[in-house]
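Undergrad: predicted model and sequence below, questions to follow.
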Amino acid sequence: MSKKSLIRSTGVIGFATATSRVLGFVRDIVIARFFGTAIYAQAFVIAFRIPNLLRDLVGEGATNSAFVPVLTDELTRKGKKDFFKLAQVILNVMFWVLLILTVLGVLLSPFIVRLIAPGFSADAAKFDVTVKLTRVLFPFLFLVGLWAYAMGVLNSLGYFAAPAFGPSIMNLSMILCAMWFGENVFGLATGVLAGGFLQLALQFPPLYMSGWKASLTREFTHPKAKKIGMLLIPRALGACVYQVNVFVSTILASLSSIVGDGAVAALYYANRVWQLPLAIFGIALAQAVLPMMSRHVALNEMEKLKSTLLFSLNVLFFILIPSTVGLVVLRTPIVKVLFQRGAFTAYSTGITSTALLFYAVGLVACGGIKVLVNTFYSMHDTMTPVKTALVALVLNVILNVALMFPLKLGGLALATSIAAVFNFIALYVLLGRRLGDFGTKFVIDTFLKVTLASAVMGMTLQFLVVRFANFTFLSLFGSITVGISVFLAASYLFNVKEMKDLLAWISRKR
């Protein structure tokens, strides 16, 4: 896969992710309209989060850390026949693991809710509805786990479109069910399950076209199965670290007497906005680059691996640094235009925009972590990211407790961002020791130039914020368009290489 193919794959994933995120925003707007940041919104956020906590381990996390690197290695070295044999064994194991976890989750829902959101126990009505929603939503884990398996098989074969568009189907299902059932939060939960089934079904046509056969057998062993297990053990530890991180943030956010009422829902809405540029560009790039890096490692092309890593980081900075500045300056207009209607009040806008401000600080670091972690995964090293994540977890917990009192829910978001910056720097240093210098001078040069161009854009956006006291959708869209134009012009003047490459690409297309 060339860099052009990488950009093309990233573009496919990015476009699909953008579609999903737009639909996700429509979904969140509908949820905010009916539920605001009150009891049912908070109950749904916790209930939906619980199966998603395990999703990182048995879903996309397992796919990126173990399935794609090992499957790509098997395909590169032995061909499709052996590739599909290994894929069949993975399916057999995953099916039963997911089924057992789902049943246990349904049975243990009251205990899990008490563990995740202890603050809810003080409100019997809130606790009861959260437990019921958790039992309804836990089967989503089974569906999304199988979807992640399909994504791993397809991505290893170079197919990215169907897995990337899957979440759009789920968001559309949730939107339709929310609008149909209105203020009945269990109708929204029905939309989650229907969407999970539909996004899984979308994967079957390209799977069959690739030569994959749907069947469950009693074959649970394979020569590469031990290797997958060895890669997944550190990944499981890493997932546990991440889950503890989420647990702590959720527990503290549920303590409304300290961080304020509605913090759980406000952090959810802010995270959704913050995740948009991260998912469209950061996660999409990391997902597209993993099979490419895995092939470089399989063929011992380490110089190409370093070149791909340098290219990925520079592109990431070019996109996410101006996104950070845009979120910081336009945080209140964005939240107000997207969500403030119905049950989502001015108070909800205030606490959500505060959380968004502090989340935005860690945007670039979080995107960089995705690329660096996948670089380690491509080298079949899943332990190093666990070590750095563990230290970042300790830092995050300390900062959560220290910052929640003076900054309330903003302190929880800021703690996440600071821990992410630390994790990125640690991974970068360790990867440099592992690979040797892969162009740090060029990385710093791009970072500084893009930051300078983004600062010019930020000043322009701040002028527009003062100019338009009451933003509408059109004025917000116009401000974002102006901001992008100013950033691109400033990037050209500051001789940012990625901007020059973009202009060269447009010229060739013409």
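TA: Alright, I've got the coordinates. Predicted model, so just to flag it, every value in this text is computed and none were measured.
Undergrad: could you list the domains of the chain?
TA: Domain ranges of the chain: 3-438, 442-510, per automatic domain parsing.
Undergrad: weakest of the ones you listed by average pLDDT?
TA: Ranked by mean pLDDT, these bottom out at domain 3-438, with a mean of 82.
Undergrad: how about the residue positioned nearest the centre of the chain, secondary structure?
TA: Centroid-nearest residue in the chain: Ala279, 5.4 Å away (criterion: C-alpha atoms, centre = their mean). Assigned with DSSP: H, G, I helix; E, B strand; the rest coil, Ala279 falls in the helix class.
Undergrad: so it sits right up against Arg21, yeah?
TA: Yes - using C-beta atoms under 8 Å as the test, Ala279 is close enough to Arg21 to be in contact (5.9 Å). (Each C-beta comes from the backbone N, C-alpha and C, glycine too.)
Undergrad: just to revisit the earlier point, so which of the domains of the chain is the most packed in?
TA: Stretch with highest mean neighbour count among the domains of the chain: domain 3-438 (a mean of 20; mean count of other C-beta atoms under 10 Å).
Undergrad: I'd like the distance from that one to the chain centre, please.
TA: The chain centroid and the centroid of domain 3-438 are separated by 4 Å under C-alpha atoms, centre = their mean, to the nearest Å.
Undergrad: and the helix or strand where Thr446 lies, how far out from the chain's middle?
TA: Thr446 belongs to helix 440-467 when assigned by DSSP states H and E. Offset of helix 440-467 from its chain centre (C-alpha atoms, centre = their mean): 24 Å.
Undergrad: after it, which helix or strand is next?
TA: Note on helix 440-467: by DSSP H and E, the next helix or strand toward the C-terminus is helix 473-493.
Undergrad: contacts for that next one next, please.
TA: With C-beta atoms under 8 Å, 6 or more residues apart in numbering as the test, helix 473-493 has contacts from 318, 322, 326, 330, 333-334, 337, 449-450, 452-454, 456-457, 460-461, 464-465, 468, 471, 498-500, 503.
Undergrad: ok, 6 Å please
TA: With contact meaning C-beta atoms under 6 Å, 6 or more residues apart in numbering, helix 473-493 is reached by 322, 326, 333, 337, 453, 456-457, 460-461, 464, 468, 499.
Undergrad: stretch 77-91 now?
TA: With C-beta under 6 Å, 6+ apart as the criterion, stretch 77-91 contacts 74-75, 153, 219, 222, 224-225.
Undergrad: okay, how far is it across stretch 272-282, tip to tip?
TA: End-to-end distance for stretch 272-282: 15 Å, by C-alpha to C-alpha, to the nearest Å.
Undergrad: same for the host helix or strand of Leu267, what does it pack against?
TA: Using DSSP H and E, Leu267 falls within helix 263-277. Counting contacts by 3 or more C-beta pairs under 6 Å, 6 or more residues apart in numbering; DSSP states H and E, helix 263-277 packs against helix 39-58, helix 225-253, helix 346-360.
Undergrad: just the CA trace of stretch 193-200, in CSV.
TA: C-alpha atoms of stretch 193-200 as CSV (Å, rounded to 0.1, in the frame of the first residue of the first chain):
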residue,chain,number,x,y,z
LEU,A,193,-30.0,-3.0,19.5
ALA,A,194,-31.7,-2.7,16.1
GLY,A,195,-28.8,-0.5,14.9
GLY,A,196,-26.2,-3.0,16.2
PHE,A,197,-27.9,-5.8,14.3
LEU,A,198,-28.1,-3.8,11.1
GLN,A,199,-24.4,-2.7,11.2
LEU,A,200,-23.3,-6.3,11.6
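Undergrad: next up, identify which helix or strand Lys387 is on.
TA: Here Lys387 is assigned to helix 383-407, by DSSP H and E.
Undergrad: please name every helix or strand in contact with that helix.
TA: helix 225-253, helix 363-378, helix 409-435.
Undergrad: try 10 Å
TA: helix 225-253, helix 256-259, helix 346-360, helix 363-378, helix 409-435 (3 or more C-beta pairs under 10 Å, 6 or more residues apart in numbering; DSSP states H and E).
Undergrad: just want the angle from the helix holding Thr446 to helix 409-435.
TA: Interaxial angle, helix 440-467 versus helix 409-435 (axes from the mean of the first three to the mean of the last three C-alpha atoms, to 10 degrees): 160 degrees.
Undergrad: surely Asn184 and Cys177 touch.
TA: Yes - Asn184 lies in contact with Cys177 (C-beta atoms under 10 Å); the separation is 9.4 Å.
Undergrad: now do the same contact list for Glu74.
TA: 80-87, 156, 222-224, 227, 298 (C-beta atoms under 10 Å, 6 or more residues apart in numbering).
Undergrad: dump the residues you listed to a markdown table, plus secondary structure and distance to Ala194.
TA: Listed next are these as a markdown table, based on DSSP: H, G, I helix; E, B strand; the rest coil; distance: C-beta to C-beta, whole Å:
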| residue | secondary structure | distance to Ala194 |
| --- | --- | --- |
| Lys80 | helix | 34 |
| Lys81 | helix | 36 |
| Asp82 | helix | 36 |
| Phe83 | helix | 32 |
| Phe84 | helix | 30 |
| Lys85 | helix | 33 |
| Leu86 | helix | 32 |
| Ala87 | helix | 27 |
| Ser156 | helix | 28 |
| His222 | coil | 34 |
| Pro223 | coil | 39 |
| Lys224 | coil | 35 |
| Lys227 | helix | 37 |
| Ala298 | helix | 39 |
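Undergrad: and which of the residues you listed is nearest Ala201?
TA: Nearest to Ala201 among the contacts of Glu74 is Ala87, at 18.3 Å by C-beta to C-beta.
Undergrad: which residues touch Val456?
TA: By C-beta under 10 Å, 6+ apart, the neighbours of Val456 are 322, 325, 483, 486-487, 489-491, 493-494.
Undergrad: now distance to Ile283 too, for the residues you listed, in TSV please.
TA: Listed next are the contacts of Val456 as TSV, based on distance: C-beta to C-beta, whole Å:
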residue	distance to Ile283
Pro322	18
Val325	20
Gly483	23
Val486	26
Phe487	22
Ala489	28
Ala490	26
Ser491	23
Leu493	30
Phe494	27
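Undergrad: just give me the closest of the residues you listed to Tyr208.
TA: Closest approach to Tyr208 among the contacts of Val456 (C-beta to C-beta): Pro322, at 41.7 Å.
Undergrad: just want the angle from the helix or strand hosting that closest one to helix 473-493.
TA: Assigned by DSSP H and E, Pro322 falls within helix 302-329. Here helix 302-329 runs at an angle of 140 degrees relative to helix 473-493 (the same axes, to 10 degrees).
Undergrad: could we number from 19 for the rest of this?
TA: Right, with 19 as the first residue, what we last looked at is helix 320-347.
Undergrad: run the angle between the following helix or strand past helix 320-347 and helix 320-347 for me.
TA: Using DSSP H and E, the helix or strand that follows helix 320-347 in sequence is helix 349-357. Orientation check (the same axes, to 10 degrees): helix 349-357 against helix 320-347 gives 90 degrees.
Undergrad: Val439 contacts Cys384, correct?
TA: Yes - counting by C-beta under 10 Å, Cys384 is a contact partner of Val439 at 9.1 Å.
Undergrad: could you report the separation of Leu273 from Val131?
TA: 15 Å (C-beta to C-beta, to the nearest Å).
Undergrad: over to Ala166?
TA: The separation that Ala166 has from Val131, given C-beta to C-beta, amounts to 25 Å.
Undergrad: Ile130 reaches Leu71, doesn't it?
TA: Yes - the criterion here is C-beta under 10 Å, and Ile130 meets it with Leu71 at 9.3 Å.
Undergrad: mutual contacts of Asn202 and Cys195, please.
TA: What both Asn202 and Cys195 touch, as defined by C-beta under 10 Å, 6+ apart, is the set Thr208.
Undergrad: cool, thanks, signing off.
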